[in-house]
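give me a 3D structure for the following:
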Amino acid sequence: MTEVTTALKALSEEIRIRLLLVLMEKEACVCELMATFDMAQSKLSHHLIALRDAGFIKDDKRGKWNYYRIDLHSLDPMRRKLLSSLSEWVRDETTVSKDRQALSRVKDKMQICC
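Residues are numbered from 1 along each chain as shown. The predicted structure follows:
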C-alpha cells in the first residue's frame, strides 16, 4: 500500500504530470526544463526529486548538469501502468502538446549544457 500512496502523492500536482509526460518523449537536463516550464531551479528540482523518489524518473549527473529521463523498461508494472494511463488520458490535451513543443524549441536553441 505504501508504494501506491507514494506514487499517487507524486502525481498529485499538475506540473509533475506535465514533467512526466514530457520526459516520456525524451530526456532533458534541468536547465532545459527550467526554460520549458519557466520555473526557478529550486522549485523545479523539488518536483523532480519527488518524482525520482517515487520511482518514476532517473537522473544522471553529466559534468555539472543533471539529466532526467524515464526508463519504461525498468519501471515496475504499477508505475508503468500509471504512466500509460496518464498518457492515454491526456492524449488530446493541448498543454502537454505545447510542453513537448516548447522542450523541442529549447533543446534546439540552448545547446549550452547538452
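
and the strands in the protein?
Using DSSP state E, the strands found in the chain span residues 28-29, 58-62, 65-69.

doesn't Leu103 make contact with Lys26?
Yes: between Lys26 and Leu103 there is a contact at 7.3 Å, judged by C-beta atoms under 8 Å. All C-beta atoms are positioned from the backbone trio N, CA, C, and that covers glycine.

between the two, tell me which one has more neighbours.
When Lys26 and Leu103 are compared for neighbours, Leu103 comes out ahead with 20 against 13, by other C-beta atoms under 10 Å.

can you give me the buried ones in the helix ranked longest in the chain?
Once the chain is assigned using DSSP state H, the helix that runs over the most residues is helix 94-109. Of the residues in helix 94-109, those buried by neighbour count under the rule 16 or more other C-beta atoms under 10 Å are 96, 99-100, 102-103, 106-107.

tell me which of those is nearest to Asp38?
Each of these was scored against Asp38 by C-beta to C-beta, and Ala102 proved nearest at 9.0 Å.

quick check: the closest one vs Pro77, distance?
31 Å (C-beta to C-beta, to the nearest Å).

repeat for Glu27
With distances defined as C-beta to C-beta, the gap from Glu27 to Pro77 amounts to 22 Å.

of these two, which one has the most company?
When neighbours are counted by other C-beta under 10 Å, Glu27 comes out ahead of the other of Glu27 and Pro77, with 17 against 7.

contacts for the longest helix of the chain?
Residues from elsewhere that reach helix 94-109, judged by C-beta atoms under 8 Å, 6 or more residues apart in numbering: 18, 21-22, 25-26, 28, 32-33, 35-37, 90, 114.

do that again at 6 Å, thanks
Residues external to helix 94-109 that are found in contact with it (C-beta atoms under 6 Å, 6 or more residues apart in numbering): 18, 21-22, 25, 32, 35-36, 90.

same question, stretch 27-40
If you take C-beta under 6 Å, 6+ apart as the criterion, stretch 27-40 is touched by 41, 44, 65-67, 69, 102-103, 106, 113-114.
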